[in-house]
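K.L.:
sequence plus the predicted model coming up.
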Amino acid sequence: MSTGSRYRKFNRWVLLCLLASMSMSMSVGMAHAQTRAWLDRDSISQGETVTLNIETDQGGVPDYAPLRADFALSNQSSSRQMQMRNGAVSNTALFAVALSPQRTGTLIIPALRVGNAQTAPMQLVVTQAPVASRDSNALAFIETDVDVTQPYVQQSVGVVVRLFFATQLASGELVLDTPAGASLQRVGDDRTSTREIGGRRYNVVERRFLLVPERSGPLQVTGARFSGQGVGGFFDDFFGRDNGQLSARGPDQTLQVRAIPADAPQPWLPLKGLQLRYTAAPRQGRTGEATTIVVEATANGVTKAQFPELPVPSLGDSAQVFAEPPQYDETFNGGSPQLKLTRRYSIVPQQPGTLTVPGIGMEWWDVQAGQARTATLPDLQLQITQGAGGIAAPPLVQPAAAAAAVPDEALAVAASAAVRPWVWPALAAGFALLWLVTLVWGLSRRAAGAQGEREAPRVVGTHGSRYSSADLRRALDVGGLDEVVHILAAMAGVDDLDAVMAKLDDESQRQALERMQRARWAGEGDVAAARARLREVFRQGPHWRGRAMAEKPVLDPLYPG
């Protein structure tokens, strides 16, 4: 055999060895690039999180949808790397996701698809989180206060949850589940403070809830849960002493809900206390003018949604009563909800004399004493005098009532004028000479008056009653809204609010009046805000179309219009 032949055989043998070696390297590389998944722990307590890791050589991303049935997902991350293994190129990806179990027990991590491959199923054991107390010196614990353990059906129960934690939090979630057979809503904002317990300083977050039982019998209130991430120190992270996770669970409680008593008043109003009082109770009034009465109700153990409206007193034909929408103020007092309600009533008397306004009353059930009670206000006695000019407060008084409010003297003058029409021609002839003199004087005075406008001119109403911008400002500050409308109507010389707005030349003033009407009668918006807007736009008085109508004429008319 020649040397060349032996050399060629040797080269073929080397090539075959190299090919075999590369094939084995690629197999090993492929074997190392399988799709696999693992958990950093196989047992946790409820409220803690576990990290699921997935390594794959597939080009796609994992489908996490099957996990959402039992877990809440957070902190998803991914990374890819390329490396040489035994002479072969390996391209792998690592995915990680934090899982928060939604229930206890043995949970199955289902197989997850990644590209054309899928992971193997796994098990995770979730145990009930231990209930820590302030005596346990734990990093975090929860206390829950319920203001009543034996409530009635539909009684408001205040629930206060306090979270204590002795570290700084990077994130966290505090949850109180709604019990079966009751409604639960969060009330107000969280309150924060610090306390020292057992020589350890804790941050405290206080959260308030309102629980309303819907049926009688035992009511199971599951303890509140907290899970969060603390801000660990440098040495904690360096030595791996903890992973910064915090969790806590409050104790479960069982309430015994009592049924509505058979002798309870209707509508059913369970309260700890109810007080009614007058904050404005006038003793005088005038026919055709609004007199304002303000009633305040303070109820302990109820919210705005549960409290009925204060009733409106009925005065028959003696007066008309118009109630403004109530104003509410909701607070918490010692863990129990407290409501303060204020309502204004506008009384428009129709005749002079003594007007008795019956005090309103409300029936309620005392949940502490277990008996029915009634809160009442005393009657008010108003001495009503004849209103000046007999102008009713528009648009409250109907045309028939307005006509009835006109004094008898005014009717007598009108009748006398109707039966003696010859008086006016006689007066015209008698004052012809006087008219020539006063015309010259009036023209000179008008020219002087045109140089400047009066800031607050007094105006003449349709029946001779006089009001100024100062009167309007006083009514906007301390009077009722009906009085404001009445004064504006008199200043404009019209009979109703629609006519007032037609006379106004300022769009902002018209809009403020429309806003006030919507707040009073349609319940759209806040009455107090509407009143404040009226004060703002009418600070300099009303702006009428044409100044002549708002000012007293320089010359008294010789002939009635």
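P.N.:
Received the coordinates, thanks.
K.L.:
hey, where'd the strands end up in the stretch 201-350 of the chain?
P.N.:
217-221, 225-230, 245-249, 253-257, 270-271, 273-280, 284-286, 291-300, 319-323, 327-333, 336-349 (DSSP state E, counting those that start in this stretch).
K.L.:
dump these to CSV, plus mean neighbour count and distance to Q58.
P.N.:
In this view, the C-beta of every residue, glycine as well, is placed from N, C-alpha and C. Output for these, formatted as CSV (neighbours: other Cβ atoms under 10 Å; distance: least, Cβ to Cβ, whole Å):
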stretch, mean neighbour count, distance to Q58
strand 217-221, 15, 47
strand 225-230, 21, 31
strand 245-249, 22, 31
strand 253-257, 16, 50
strand 270-271, 22, 62
strand 273-280, 15, 68
strand 284-286, 17, 87
strand 291-300, 20, 64
strand 319-323, 19, 72
strand 327-333, 14, 55
strand 336-349, 22, 56
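K.L.:
show me what the host helix or strand of L163 is packed against.
P.N.:
Assigned by DSSP states H and E, L163 belongs to strand 157-165. Applying 3 or more Cβ pairs under 8 Å, 6 or more residues apart in numbering; DSSP states H and E, we find strand 157-165 packed against strand 140-146, strand 182-197, strand 200-213, strand 225-230, strand 245-249.
K.L.:
distance between that strand and the chain's centre?
P.N.:
Relative to the mean C-alpha coordinate of its chain, strand 157-165 is positioned 22 Å out (Cα atoms, centre = their mean, to the nearest Å).
K.L.:
next structured bit after that strand?
P.N.:
strand 169-175.
K.L.:
centre of the chain to that next one, how far?
P.N.:
25 Å.
K.L.:
strand partners of that strand, parallel vs antiparallel please.
P.N.:
Here strand 169-175 is paired, per DSSP bridges, with strand 225-230 (antiparallel).
K.L.:
tell me what angle the partner strand forms with strand 140-146.
P.N.:
With axes from the mean of the first three to the mean of the last three Cα atoms, to 10 degrees defining the directions, strand 225-230 sits at 150 degrees from strand 140-146.
K.L.:
that older thread, closest to T376 out of the strands of the stretch 201-350 of the chain?
P.N.:
Closest to T376 of the strands of the stretch 201-350 of the chain is strand 273-280 (Cβ to Cβ; 7.1 Å).
K.L.:
alpha carbons only: can I get that closest one in CSV?
P.N.:
Only the C-alpha atoms of strand 273-280 are listed here, as CSV (Å, rounded to 0.1, in the frame of the first residue of the first chain):
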residue,chain,number,x,y,z
GLY,A,273,-79.5,57.1,69.0
LEU,A,274,-81.5,59.9,67.2
GLN,A,275,-81.8,63.5,68.1
LEU,A,276,-83.7,66.3,66.3
ARG,A,277,-83.3,70.0,66.9
TYR,A,278,-84.0,73.4,65.3
THR,A,279,-81.0,75.4,64.2
ALA,A,280,-83.2,78.2,62.9
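K.L.:
how far off strand 291-300 does that strand point, in degrees?
P.N.:
160 degrees.
K.L.:
spatially nearest residue to E309, not counting backbone neighbours?
P.N.:
Once flanking residues are discounted, E309 sits nearest to P326: 6.5 Å by Cβ to Cβ, 6 or more residues apart in numbering.
K.L.:
what residues does that neighbour make contact with?
P.N.:
Contacts for P326 (Cβ atoms under 8 Å, 6 or more residues apart in numbering) come out as 309-310, 341-343.
K.L.:
do the same with N75
P.N.:
96-98.
K.L.:
with N333 instead?
P.N.:
Applying Cβ under 8 Å, 6+ apart, the residues near N333 are N300.
K.L.:
so what pairs up with it in the strands?
P.N.:
Going by DSSP bridges, N333 forms beta bridges with S336.
K.L.:
which stretches of the stretch 301-450 of the chain have low pLDDT?
P.N.:
388-450 (pLDDT under 70).
K.L.:
E55 is nearest to which of the helices and strands packed on strand 157-165?
P.N.:
Among those, if distance is taken as Cβ to Cβ, the winner is strand 245-249, at 23.6 Å.
K.L.:
give me the element S74 is part of.
P.N.:
With DSSP H and E as the criterion, S74 is inside strand 71-85.
K.L.:
just checking: what are the partner strands of that strand?
P.N.:
strand 88-101 (antiparallel).
K.L.:
pLDDT of the strand it pairs with, averaged?
P.N.:
Averaged across strand 88-101, the pLDDT comes to 85.
K.L.:
that strand to strand 245-249, inter-axis angle?
P.N.:
20 degrees.
K.L.:
show me which residues of strand 88-101 are buried.
P.N.:
Buried positions in strand 88-101, judged by neighbour count with 16 or more other Cβ atoms under 10 Å: 88, 90, 92-93, 95, 97-101.
K.L.:
ok, stretch 512-529 next?
P.N.:
512-513, 515-517, 519-520, 527.
K.L.:
hmm, who's touching it?
P.N.:
322, 324-325, 327, 344, 481, 488, 497, 500-501, 504, 530-531, 533-534, 536-538.
K.L.:
what's around Q386, how many residues?
P.N.:
Neighbours of Q386 under the rule other Cβ atoms under 10 Å: 15.
K.L.:
and the nearest residue to it once chain neighbours are set aside, how far from Q102?
P.N.:
Using Cβ to Cβ, 6+ apart and skipping the chain neighbours, the partner closest in space to Q386 is P352 (5.1 Å). From P352 over to Q102 the distance is 73 Å, taken as Cβ to Cβ, to the nearest Å.
K.L.:
next: P179.
P.N.:
P179 is 17 Å from Q102, by Cβ to Cβ.
K.L.:
and E48, what does it touch?
P.N.:
So E48 contacts 100, 129, 227, 245, 247 (Cβ under 8 Å, 6+ apart).
K.L.:
that one sits in which helix or strand?
P.N.:
Counting by DSSP H and E, E48 is part of no helix or strand.
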